[in-house]
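# turn this into a structure:
(2 chains)
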Amino acid sequence: MTEPTYEIALTVNGVHRTARAPARRLLSDFLRHDLGLTGTHVGCEHGVCGCCTILLDGAPARACLTFAVTAGGAEITTVEGLAAPDGTLSPVQRAFQECHALQCGFCTPGFLCTVTALLRENPHPSDEEIVEGLSGNLCRCTGYQNIVAAVRRAAGED
Amino acid sequence: MFGEPIPRREDPRLLTGQGRFLDDLGRDALAAAFVRSPHAHARILDIDVSAAVDVDGLVAIYTWEDLPGRVGDPLPLLIPHPALTHGRTGRPLARETVRYAGEPVAMVVAADRYLAEDAAGLVRVEYEPLPAVVGIDAAARAEHLVHDDVPGNVAAVLVQETGDAAAAIAAAPHTLEFDLAIERSAATPLEGRGVYARWDAADGSLRVYSSTQSSTAVRGAVAARLGLPAGKVEVVAPDVGGGFGVKIVHPWPEEVLVPWAARLLDRPVKWAEDRREHFVAAAHERGQQHHVRVGFDGEGRVLGLDVRIRHDHGAYTPYGIIIPIVTSTQLLGPYKIGAYRAEVTSLYTNTVIVTPYRGAGRPQGVFCMERTMDRIARHLGRDRADVRAANFIRPHEFPYDQGLTFQDGRPLIYDSGDYPALLRELRKLIGWDTFAELRARDGRRLGIGLGCYVEGTGVGPYEGGHVEIDTAGRVHVATGLTSQGQGHQTVFAQIAAAELGVPIEDVHVTTGDTRRFGYAVGTFASRAAVMSGNAIALACRKVRAKALRVAGEALEADPADLEITGGTVHVRGDRAAGVPLRTVAVLSNPLRYAFDEQSAAATQFAGGGSLDEPPVARGDEPGLEARDYYSPVRSTFAAGAHAAIVEVDPDTAEVRILRYAVLHDCGRLINPRIVEGQIHGGVAQGIAGALYERMAYDETGQLQNASFMDFLMPYATEIPRIETAHLETPSPLNPLGVKGAGEAGVIPVSAVIASAIEDAEGFVVDAMPLSPDELFRLRRRD
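Here you go, the predicted model:
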């Protein structure tokens, strides 16, 4: 039996995109495999690691806990959309490089989206607010210290 | 350039979503999924695929019966140590018996992963459950066997010995005897394993991408299993989302089956491991028990040490007994132990296989030695740091022969170090000598702990480097060793830029791609900087010598008077008249056909050179390129000392790390920022292993916490700031004087945290990890 598919139209990184997918297709898989935006990574598929974090209508969301069909009409930003159109890195991306806040880079897209939203909401977070803001994303490489430093730098606090 | 904390060159790609991880490749590939055993130990009675064949998009289902020739054979025993008398390995798909929950039983290939999992869920396997052997005690009791033909569940008994430990302990003024244990944990990189294969039928060749720590080893294994010449198999490690040891194992069942299916189906096939699979079907580590007997004098000097180690290696032994070998040798750390005997018994259990995880047996060994030092101090009423200092190898005693055989089969001889200085600086950094006052003032329940270690790094047999300067002046550096986030593209470029005198922007590094470099061993044992770093330096030196020779002819100068600055060869002290390396590259390759204006200078009618000599001199080669290898006579030995101050909650028994300090010596630093990043990450994994992470198997062999909801990997909220300082005692063994830093951070952490908790609570801590409820129980027992 062929699985029914649905047309899903949404805006990703400012570009209108349309593709057909079954009802059960996760938004993470839809972005990665149907739209070819592989920057969003999948680390657990149960919403704990935060690798798949994207901005869904401006707010951080776990793409692995979202069905693509429910994102129809939404405005999505992925890691591919964080830099300026001319390729200039965003302040958060730049701070991550300057502070050596990434090693293997697999969790990094999720952190970048999380931190982008965090600083938009709270441009000058305290150290405690930074750690709290990062507490939904796992990183196995860095020990978090340089990620915390990068958030501080992106916020212009050092 | 060498030694500078420059930003990483891989970052812009990774920060913008342009990384190429395994599952980012092969959008057109079929997807594989696996039917895995739900039982820890069972006989397979029947496999019925009839319900699965109706799934739309299904391409194929394979069981062991379908695997031809060597494809279905047991996987290789990678390190056949003579002590491993009963080594057993699994097959790519189980035949007749499954021995751990998660063992692959059937492979399904379908149009996409959703459909492949649909079909996998409809494959009916009938099992006859058998008694499961779970845990070291059950394995040793051997009431049931994991393998019918392995008596006592014992795979190996290994003895390491120097002097007469029993006699030394018997004659010692003081003796102690106790047990120490470390539980199972796992590397758990955020990207799981994965493999993607494309068969080119016209060419008869296979390209395999694998999230591996050794692409050359995967190539060798896949070529052998599929009966292909190695030259027809290329293996590429793309961006790898963390490894920490687990991805050095090869070939995984999936690494054999996916390429095999891609060739059979003549379609690209991909498998990307999901998180649950990673918990139940990859590999674990650390689970080990130790019985210690020690004899010492009134100063705390160890006179004799006897350690009986029981190691749980899971259902199979593909990676041999490296972990307890490392434990039993690295246990000695920075100390002169009078007489020593370690006896390892390696046991089968019906659990996931055990293979190296960052530290690879060292955390257990250091836990033994450092807990022993603390016990001695406690027994004698002496300061814990002073007891360690009394046992240190002194700086003038290098090279120091520990009298044992290391994991590379070579003598355990330390190359260099200054352990008293490490401890001295650590005491200052953490405030060891003023802590008692701090605690008295503070009022909270505080404790301080410390731990020292020596890490054998940079094990052989070899790595190679290839360096080529092209006619645009680009420097292409390749090494076969892979990368999983250690910044190799940056540090190898730093080495090449420094050796060649070129801007780092001109250097391009490729790792782990057999198309570019076919001979390599792999990334493990903190060996990349030592092995590939030195190989690349040696290759650069060859290229440099040739560049000076060719440029010398063009400039009519003695090569000895030339140097390279900013990518231009010039007479020393005179940068005005020089020849850029891109031109040297042109001149190094005599041409018949010009392809642009610049290359015209290298054609046969461009003049220059003696007409009595051939255009390419005997023994010379065209091109500005060279290849060289670094093969060390022995390992290098990095070292460190860590200390922590913890606060324990008197009511909830929660442990909070207030300070964590690291003194680290990995010889010369190539990029201090990257080294510190490695330390931070290692310490974080160490803290995870000390306080949070464990593999919770029940008595039937079911892993109860096989998800990130239940396996407590720390977030930013759990990891303290780590204070670091460096000592640099260069290794005399290699041209760069480097030692390797990848695993260092994790090694002593369980020992340090146990030491600090013990100091805070006043009772002995002899097993890690330690959760609040366990600490609470220890308090009640005390």
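
# domain assignment for chain A?
Following automatic domain parsing, chain A resolves into domains at A:5-81, A:91-154.

# and the ones you listed as TSV, adding distance to chain B?
C-beta here means a position set from N, CA and C on the backbone, and glycine is covered the same way. Formatted as TSV, the domains of chain A follow (distance: least, CB to the nearest CB, whole Å):
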stretch	distance to chain B
domain A:5-81	2
domain A:91-154	3
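
# dump the ones you listed into TSV; add mean neighbour count and distance to residue B:266 as well.
Below are the domains of chain A laid out as TSV (neighbours: other CB atoms under 10 Å in any protein chain shown; distance: least, CB to CB, whole Å):
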stretch	mean neighbour count	distance to residue B:266
domain A:5-81	20	22
domain A:91-154	23	31
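
# so the residue in the stretch 101-250 of chain B that chain A sits nearest to, which state does it fall into?
Chain A sits closest to residue B:241 of the stretch 101-250 of chain B, with a gap of 3.0 Å, by CB to the nearest CB. For residue B:241, the secondary structure call by DSSP: H, G, I helix; E, B strand; the rest coil comes out as coil.

# got the contact list for it?
A:41, A:43, A:104-107, B:21, B:189-191, B:211, B:484-485 (CB atoms under 8 Å, 6 or more residues apart in numbering or on different chains).

# check residue B:406 too.
Residue B:406 is in contact with B:329, B:412, B:456, B:459, B:634-635, counting by CB under 8 Å, 6+ apart.

# what about the strands in chain A?
Using DSSP state E, the strands of chain A run over A:5-12, A:15-22, A:53-56, A:59-62, A:75-77.

# and the ones you listed as TSV, adding mean pLDDT and distance to residue A:36?
Shown next, in TSV, are the strands of chain A (pLDDT from 0 to 100; distance: least, CB to CB, whole Å):
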stretch	mean pLDDT	distance to residue A:36
strand A:5-12	98	10
strand A:15-22	97	10
strand A:53-56	98	15
strand A:59-62	98	20
strand A:75-77	98	14
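
# to residue A:30, which of these lies closest?
Among these, the nearest to residue A:30 by CB to CB is strand A:15-22 (5.5 Å).

# and the closest one, which strands flank it?
strand A:5-12 (antiparallel) (DSSP bridges).

# where does pLDDT dip in chain B?
By pLDDT under 70, the weakly predicted segments of chain B are B:608.

# name the helices or strands packed onto the lengthiest helix in it?
For chain B, the helix with the greatest residue count under DSSP state H is helix B:528-555. Secondary-structure packing of helix B:528-555 (3 or more CB pairs under 8 Å, 6 or more residues apart in numbering or on different chains; DSSP states H and E): strand B:463-469, strand B:475-479, helix B:488-500, strand B:562-565, strand B:568-571, strand B:574-580, helix B:581-587, strand B:625-630.

# follow-up on the earlier one: reformat the contacts of residue B:241 as a markdown table; add distance to residue B:763.
Listed next are the contacts of residue B:241 as a markdown table, based on distance: CB to CB, whole Å:
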| residue | distance to residue B:763 |
| --- | --- |
| A:41 | 44 |
| A:43 | 39 |
| A:104 | 40 |
| A:105 | 44 |
| A:106 | 41 |
| A:107 | 38 |
| B:21 | 46 |
| B:189 | 36 |
| B:190 | 37 |
| B:191 | 41 |
| B:211 | 44 |
| B:484 | 40 |
| B:485 | 39 |
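
# skipping adjacent residues, who's closest to whichever residue of chain B sits closest to chain A in space?
At 2.0 Å from chain A, residue B:17 is the closest residue in chain B, using CB to the nearest CB. Nearest residue to residue B:17, sequence neighbours excluded (CB to CB, 6 or more residues apart in numbering or on different chains): residue A:39, at 2.0 Å.

# show me the contacts for the residue nearest to the spatial centre of chain B.
By CA atoms, centre = their mean, chain B has its centre lying nearest to residue B:524, at 3.2 Å. Going by CB under 8 Å, 6+ apart, residue B:524 touches B:213-214, B:245, B:248, B:356, B:360.

# give me the subset of those residues that also touch chain A.
Checked against chain A using CB under 8 Å from any CB of the partner chain, these yield no neighbours at all.

# which pair of these spans the longest distance?
Comparing all pairs in those by CB to CB, the longest separation belongs to B:214 and B:360, at 14.8 Å.

# comparing these two, which residue is more hemmed in?
residue B:360 (30 against 26; other CB atoms under 10 Å in any protein chain shown).

# and the gap between the more buried one and residue B:415?
19 Å (CB to CB, to the nearest Å).

# again with residue B:101
With CB to CB as the criterion, residue B:101 and residue B:415 are 44 Å apart.

# residue B:142 now?
Per CB to CB, residue B:142 is found 42 Å from residue B:415.

# in terms of neighbours, single out the busier of the two.
Neighbour count, other CB under 10 Å: between residue B:142 and residue B:415, residue B:415 has more, with 25 against 16.

# enumerate every residue touching the more buried one.
With the criterion set at CB under 8 Å, 6+ apart, residue B:415 makes contact with B:398-399, B:634, B:636-637, B:731-733.

# what parts of the stretch 401-550 of chain B come near chain A?
Proximity of the stretch 401-550 of chain B to chain A (CB under 8 Å from any CB) is limited to residues B:484-487.

# any chance of those residues in CSV with neighbour count as columns?
Output for these, formatted as CSV (neighbours: other CB atoms under 10 Å in any protein chain shown):
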residue, neighbour count
B:484, 29
B:485, 28
B:486, 27
B:487, 29
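
# which of the residues in the helix or strand containing residue B:372 are buried?
Here residue B:372 sits within helix B:362-380, counting by DSSP states H and E. Buried residues in helix B:362-380, counting neighbours by 16 or more other CB atoms under 10 Å in any protein chain shown, are found at B:362-377, B:380.

# other SSEs contacting that helix?
Using 3+ CB pairs under 8 Å, 6+ apart: helix B:362-380 touches strand B:174-182, strand B:288-296, strand B:302-312, helix B:322-330, helix B:384-391, strand B:446-457, helix B:749-761.

# any idea which of those gets closest to residue B:509?
Here strand B:446-457 is closest among the helices and strands packed on helix B:362-380 (CB to CB), at 20.8 Å.

# what pairs with the closest one, and is each one parallel or antiparallel?
strand B:636-648 (antiparallel).

# helix B:528-555 and the strand it pairs with, what's the angle between them?
Orientation check (axes from the mean of the first three to the mean of the last three CA atoms, to 10 degrees): strand B:636-648 against helix B:528-555 gives 140 degrees.

# quick revisit: Throw the contacts of residue B:524 into CSV and include secondary structure, thanks.
Formatted as CSV, the contacts of residue B:524 follow (three-state DSSP):
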residue, secondary structure
B:213, coil
B:214, coil
B:245, coil
B:248, helix
B:356, coil
B:360, coil
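
# circling back: which of the contacts of residue B:415 fall in strands?
Among the contacts of residue B:415, DSSP E puts B:636-637 in strands.

# which of the contacts of residue B:415 tops the neighbour count?
residue B:637 (31 neighbours).

# thought that one was touching residue B:457?
Yes: with contacts counted by CB atoms under 8 Å, residue B:637 reaches residue B:457, the gap being 7.0 Å.

# which residues do these two both contact?
Common contact partners of residue B:637 and residue B:457 (CB under 8 Å, 6+ apart): residue B:739.

# so the nearest residue to residue B:600 once chain neighbours are set aside, which of the three states?
Nearest non-adjacent residue to residue B:600, counting by CB to CB, 6+ apart: residue B:594, 4.1 Å away. Three-state call for residue B:594 (three-state DSSP): coil.

# burial measure for residue B:771, as a count.
By other CB under 10 Å, 16 other residues sit near residue B:771.
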